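Student: give me the fold of what follows.
(one chain, ligands or ions: 1)
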Amino acid sequence: KGPDPDLVAIAERMATVKHKILVLSGKGGVGKSTFSAQLSYALAAMDFQVGLMDIDICGPSIPKMLGLEGQEIHQSNLGWSPVYVESNLGVMSIGFMLPNPDEAVIWRGPRKNGLIKQFLKDVYWGELDFLVVDAPPGTSDEHISIVQYLQATGIDGAIIVTTPQQVSLIDVRKEVSFCKKVGVEVLGVVENMSGLCQRLTDFRFVKLTENGEQNDITERVLGYMREKAPEMLDVIACSEVFDSSGGGATQMCHEMGVPFLGKVPLDPQLCKAAEEGRSCFADQKCGVSAPVLKSIIEKL
Ligand code: ADP
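Tutor: Residues are numbered from 1 along each chain as shown. Okay, here's the model as predicted:
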């Protein structure tokens, strides 16, 4: 039996891609796509040639997070062309192929695997420094396929995104053991939504009345501070949202012997950037999370 022709085709396509990074999470909603999107933006801002491939077939959120909703993929004689955000940042998502974004994609394993294979085989990326792959949550069929296909051409490793909550951390352990089993290096774990951090100037201050109404006193509070203690206006106020009494991701990474990359706070401005489909890095538009994200990316 000769070599699998699909694997040969994938290896040929991927020959022009220097680094391949998989972004994983144990659960949905922990910020995996947000991180993938911002990682891709950051790498592109460093002048690398970047591709972002979204294989979260049941919930493709990448088009929205890069401001590419409603775009379509075109065929050329070289293959499927990604949609470009900038000349050095191309995006490929199942989201571009769905006629109606509200429609649920109910596909069984083989069809999903077929599509992933096709993405890897048929997309014409050209020369890439980095291919960032936003995987679906969990460790299912799709993960095994993508790892198998990518391993044939070399994969740098995986970044695992989690929240500090125990329920999310338990699933991260599974992700780590999945990576170990299939022989993918864990580049590190990112603890996202780690506390709520905002500048004081981003807060709305209220005083509750006796019947539970909120009286907005923001102007009064900020006016007072501007006058009495202007240096306080840069203070960042953080509070714990999730219970991290078990030591959170830091402790878990220590126990499992994988690198801990850092904590990204819940940042309303990061949420807004994701909603509006823009980068966090130009003009430090993401308030308190941009510097943290940047330091994480620099560790990779
Ligand atoms: P996943 O890909 O893990 O399902 P998403 O990246 O889609 O999760 O994130 C879920 C939601 O949470 C999105 O609306 C996103 O904008 C928001 N979000 C993610 N991380 C943060 C953060 N650190 N601060 C604020 N909002 C965030």
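Student: and T34, what element?
Tutor: If you go by DSSP states H and E, T34 is part of helix 32-45.
Student: cool, L52 as well?
Tutor: Assessed by DSSP H and E, L52 sits inside strand 50-54.
Student: may I have stretch 53-63 as CSV, with CA atoms only?
Tutor: Extracted in CSV, the C-alpha atoms of stretch 53-63 (Å, rounded to 0.1, in the frame of the first residue of the first chain):
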residue,chain,number,x,y,z
MET,A,53,-7.7,28.7,9.8
ASP,A,54,-11.0,28.3,11.7
ILE,A,55,-12.1,24.7,11.8
ASP,A,56,-14.7,25.2,14.5
ILE,A,57,-17.3,23.8,12.2
CYS,A,58,-20.3,24.1,14.5
GLY,A,59,-19.5,27.6,15.8
PRO,A,60,-17.3,29.5,13.5
SER,A,61,-16.8,32.9,15.1
ILE,A,62,-13.6,33.9,13.4
PRO,A,63,-15.1,35.8,10.4
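Student: is the strand holding L52 up against the ligand anywhere?
Tutor: No: Strand 50-54 is not in contact with the ligand by C-beta under 6 Å from any ligand atom; minimum separation 9.6 Å. In short, each C-beta sits where N, CA and C put it, glycine included.
Student: what does the following helix or strand past that strand contact?
Tutor: Next helix or strand after strand 50-54 toward the C-terminus (DSSP H and E): helix 62-65. Residues outside helix 62-65 that contact it (C-beta atoms under 8 Å, 6 or more residues apart in numbering) are 33-34, 36-37, 52, 54, 56, 68-71, 83, 91, 93, 95-96, 134, 274-275, 277.
Student: distance between the helix or strand following helix 62-65 and the chain's centre?
Tutor: For helix 62-65, the following helix or strand on the C-terminal side (DSSP H and E) is strand 74-76. Centre-to-centre, strand 74-76 and its host chain are 27 Å apart (C-alpha atoms, centre = their mean, to the nearest Å).
Student: now do stretch 239-250
Tutor: 20 Å.
Student: list the buried residues for it?
Tutor: Neighbour counts over stretch 239-250 (16 or more other C-beta atoms under 10 Å) mark 242, 244, 248-250 as buried.
Student: tell me how far the ends of it are from each other?
Tutor: 18 Å (C-alpha to C-alpha, to the nearest Å).
Student: other residues contacting it?
Tutor: So stretch 239-250 is contacted by 162-166, 169, 172, 189-191, 193-196, 260, 263, 266 (C-beta under 8 Å, 6+ apart).
Student: the helix or strand containing A274 to helix 32-45, inter-axis angle?
Tutor: Element membership for A274 (DSSP H and E) is helix 268-276. Here the directions of helix 268-276 and helix 32-45 differ by 90 degrees (axes from the mean of the first three to the mean of the last three C-alpha atoms, to 10 degrees).
Student: which secondary structure elements does helix 268-276 sit against?
Tutor: Using 3 or more C-beta pairs under 8 Å, 6 or more residues apart in numbering; DSSP states H and E, the elements in contact with helix 268-276 are helix 32-45, helix 62-65, helix 289-299.
Student: how about the helices in the protein?
Tutor: 5-14, 32-45, 62-65, 109-122, 141-151, 166-182, 218-228, 248-256, 268-276, 289-299 (DSSP state H).
Student: could I get those helices as CSV with mean pLDDT and distance to D129?
Tutor: Below are these laid out as CSV (pLDDT from 0 to 100; distance: least, C-beta to C-beta, whole Å):
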stretch, mean pLDDT, distance to D129
helix 5-14, 89, 13
helix 32-45, 94, 7
helix 62-65, 92, 19
helix 109-122, 83, 18
helix 141-151, 83, 16
helix 166-182, 89, 23
helix 218-228, 95, 44
helix 248-256, 89, 27
helix 268-276, 90, 23
helix 289-299, 87, 13
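Student: can you redo those helices as CSV with distance to N77?
Tutor: Compiled in CSV, the helices of the chain are given as follows (distance: least, C-beta to C-beta, whole Å):
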stretch, distance to N77
helix 5-14, 15
helix 32-45, 26
helix 62-65, 25
helix 109-122, 12
helix 141-151, 23
helix 166-182, 35
helix 218-228, 58
helix 248-256, 46
helix 268-276, 35
helix 289-299, 35
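Student: export those helices to JSON lines and tack on distance to the ligand?
Tutor: Supplementary listing: these in JSON lines, determined by distance: least, C-beta to the nearest ligand atom, whole Å:
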{"stretch": "helix 5-14", "distance to the ligand": "24"}
{"stretch": "helix 32-45", "distance to the ligand": "3"}
{"stretch": "helix 62-65", "distance to the ligand": "7"}
{"stretch": "helix 109-122", "distance to the ligand": "17"}
{"stretch": "helix 141-151", "distance to the ligand": "14"}
{"stretch": "helix 166-182", "distance to the ligand": "10"}
{"stretch": "helix 218-228", "distance to the ligand": "21"}
{"stretch": "helix 248-256", "distance to the ligand": "14"}
{"stretch": "helix 268-276", "distance to the ligand": "3"}
{"stretch": "helix 289-299", "distance to the ligand": "6"}
